[in-house]
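Colleague: 3D model of this:
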Amino acid sequence: MGAMNQPAVRPDLRAFMSAALRRQRVVGAIAPSSPVLARALSAVVPTAGTPVVVELGPGTGPVSEVIRARLAPGSRHLAVEIDPGLAAHLRRTRPWMETLYGDAADLGALLAKAGVGRVDAVVSTLPWSLFSDGVRERILDQVSGVLAQGGAFTTVTYLHALPLAGARALRRRLRAVFDEVLVTGPVWRNIPPGIAYVCRRPRTRALGSGQHPADHPGVHPARTGHRRRVEEAGQHRQVHGEGLQTLVEDLGP
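Modeller: Modelled structure (predicted):
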């Protein structure tokens, strides 16, 4: 797959740099996500059945490629991008993905327009440190409102930012919204190095009852086995990442 994607590298980099210079308050990363980080974030994406997966802040699509490789035919892969230039770039270079131009804070409405009720996984590379408390809370409430039963949410933060106010606020909100918040990583082969939060079991349903998860076409009996494998993998990573988990907890809310 790497050889096939080589021609897209330079256009992707040009699109990333253009967006970073044009909208510094929207693009928070200093470089696109690495393949290693992309794999860590995408580990919750089901590989069986026909799930619905949403990506927040896809940028130029490095995580999108890894998500695509995990999905079986018949699945849906939607991406929400707020930058019009990046959204146009994704539609041109990743036509297999449904790119929705809009704000992740309006996730529920964007998905409803696309005919989606509940989703099986949400993968985010949003720049949380650039958001106000209100925007951060609204986005996470929207995510919790669209996740199907057994679904998972993953997002990234960077090691150097862990003690900072924005990262602490993110941790507080994640723990308030989700019953389970695991820390995986660190991912050293990324610029800058990062960690992934894996979140499950939303405590609230901000968007109301809506469609029952069991009625959603993305739910498939085979997902039960996938769910078990993901949980086992998460437990394995948690055992080997206890030091990191303790460090994050010691930093406090």
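Colleague: go ahead and confirm L100 touches I82.
Modeller: No: contact criterion C-beta atoms under 8 Å: L100 and I82 do not qualify, at 9.9 Å. (C-beta placed from N, C-alpha, C; glycine too.)
Colleague: element containing R200, please.
Modeller: If you go by DSSP states H and E, R200 is part of strand 194-202.
Colleague: quick check: buried residues in that strand?
Modeller: Neighbour counts over strand 194-202 (16 or more other C-beta atoms under 10 Å) mark G194, I195, A196, Y197, V198, C199, R200, P202 as buried.
Colleague: want to throw these into JSON lines with distance to H77 and pLDDT?
Modeller: As requested, those are exported to JSON lines (distance: C-beta to C-beta, whole Å; pLDDT from 0 to 100):
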{"residue": "G194", "distance to H77": "22", "pLDDT": "94"}
{"residue": "I195", "distance to H77": "24", "pLDDT": "96"}
{"residue": "A196", "distance to H77": "19", "pLDDT": "97"}
{"residue": "Y197", "distance to H77": "21", "pLDDT": "98"}
{"residue": "V198", "distance to H77": "19", "pLDDT": "98"}
{"residue": "C199", "distance to H77": "20", "pLDDT": "98"}
{"residue": "R200", "distance to H77": "20", "pLDDT": "98"}
{"residue": "P202", "distance to H77": "21", "pLDDT": "96"}
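Colleague: how about TSV for these, with distance to G151 added?
Modeller: Formatted as TSV, the buried residues of strand 194-202 follow (distance: C-beta to C-beta, whole Å):
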residue	distance to G151
G194	22
I195	21
A196	16
Y197	15
V198	12
C199	10
R200	7
P202	9
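Colleague: among L100 and I82, which residue is more densely surrounded?
Modeller: Each of L100 and I82 has its neighbours counted (other C-beta atoms under 10 Å); L100 has more, 23 against 19.
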